[in-house]
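S.K.: Sequence and computational prediction follow.
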Amino acid sequence: MSAKKTRQTVRMVVAGLATVLALLAAGCAAQRTPNVEVPANPVPAAAVG
């Protein structure tokens, strides 16, 4: 395995982890936000997260 391919793989893994963390953070924020604050949103936070 060349160094270039290793760097590509590491970058992919890091990007994947960042995406997962961002999704988890968004899900937690949606769950912490009471539905009363967003009356315009018909979808419950649990369904989004």
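M.R.: Ah, there it is.

S.K.: Determine the longest helix present in this protein.
M.R.: The longest helix of the chain (DSSP state H) is helix 3-32.

S.K.: list the buried ones in stretch 5-24?
M.R.: Neighbour counts over stretch 5-24 (16 or more other Cβ atoms under 10 Å) mark no residue as buried. All C-beta spots, glycine's among them, are computed from the backbone N, C-alpha and C.

S.K.: Any idea which helix or strand in the chain has the lowest mean pLDDT?
M.R.: helix 45-48 (a mean of 55; mean pLDDT, DSSP states H and E).

S.K.: for the chain, which spans come out with low pLDDT?
M.R.: Scanning the chain with the threshold set as pLDDT under 70 gives 32-49.

S.K.: 50 instead, please
M.R.: Nowhere does the chain drop to pLDDT under 50.

S.K.: quick revisit: for the longest helix of the chain, packing partners?
M.R.: With contacts defined as 3 or more Cβ pairs under 8 Å, 6 or more residues apart in numbering; DSSP states H and E, helix 3-32 has these neighbours: helix 45-48.

S.K.: how near is Thr9 to Ala30?
M.R.: 32 Å (Cβ to Cβ, to the nearest Å).

S.K.: Kindly report the same for Val13.
M.R.: 26 Å.

S.K.: and what of Gln8?
M.R.: Look at Gln8 and Ala30: by Cβ to Cβ, they are 33 Å apart.
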